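Visitor: what's the 3D shape of this:
(one chain, ligands or ions: 1)
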Amino acid sequence: ALERTFSIIKPDATRRNLTGKIIAKFEDAGLRVIASKRIHMTRAQAEGFYAVHKERPFFGELVEQMIAEPVVVQVLEGENAILKNREIMGATNPANADTGTIRKEFALSIGENSVHGSDAPETAAEEIKFFFNDDEIVG
Ligand code: CMP
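Guide: The predicted model follows:
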């Protein structure tokens, strides 16, 4: 089915000028960028977006990393976009990521892993709404 998913190009990647190389991976796989903006996340945004992880031991470091430098938030659209994006990203820990994936090629560590992508249809819808108004998404 035609789906939409939410993506973040994280600070470790924007800092190393990898935005275009990462978007090329999405487009080469048939995903279309139908919304995009570069933002510097506030602490409140990062804490709210990752609220599901707030009891995890890495939460503090995760928030600090996400607000350290700008990010690029995007909506990607395509056939099976949610699963497809997860395949393009590779495993959360780059040590476990397959060859050719974004995290294998670019990620520095499990925390600085270059990209975030929604893991399911419900979270995709929530995450898109967290960062985008309807009129910012042009399919
Ligand atoms: P992301 O998809 O953005 O969702 C939560 C993030 O927490 C995850 O990617 C990782 O970058 C980060 N993180 C840091 N440490 C861990 C860990 N031990 N397990 C899972 N995620 C971690």
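
Visitor: Going by C-alpha atoms from here, please, whenever you check contacts or count neighbours.
Guide: OK.

Visitor: burial of residue 93, as a residue count?
Guide: If you count neighbours by other C-alpha atoms under 10 Å, residue 93 ends up with 16.

Visitor: any idea how far it lies from residue 111?
Guide: Computed as C-alpha to C-alpha, to the nearest Å, the residue 93 to residue 111 distance reads 8 Å.

Visitor: Residues contacting stretch 106-118, please?
Guide: 5-13, 62, 65, 82, 85-86, 89, 92-95, 102-103, 124, 127 (C-alpha atoms under 8 Å, 6 or more residues apart in numbering).

Visitor: Mind checking which of these are in helices?
Guide: Secondary structure assignment by DSSP state H places 11-13, 62, 65, 82, 85-86, 89, 102-103, 124, 127 of the contacts of stretch 106-118 in helices.

Visitor: what kind of secondary structure is the residue in the chain that the ligand sits nearest to in?
Guide: Proximity of the chain to the ligand (C-alpha to the nearest ligand atom) peaks at residue 111, 3.7 Å away. Put simply, residue 111 is coil when judged by DSSP: H, G, I helix; E, B strand; the rest coil.

Visitor: what residues does the protein put near the ligand?
Guide: Selection of the chain residues close to the ligand by C-alpha under 6 Å from any ligand atom yields 58, 62, 92, 110-113, 116-117.
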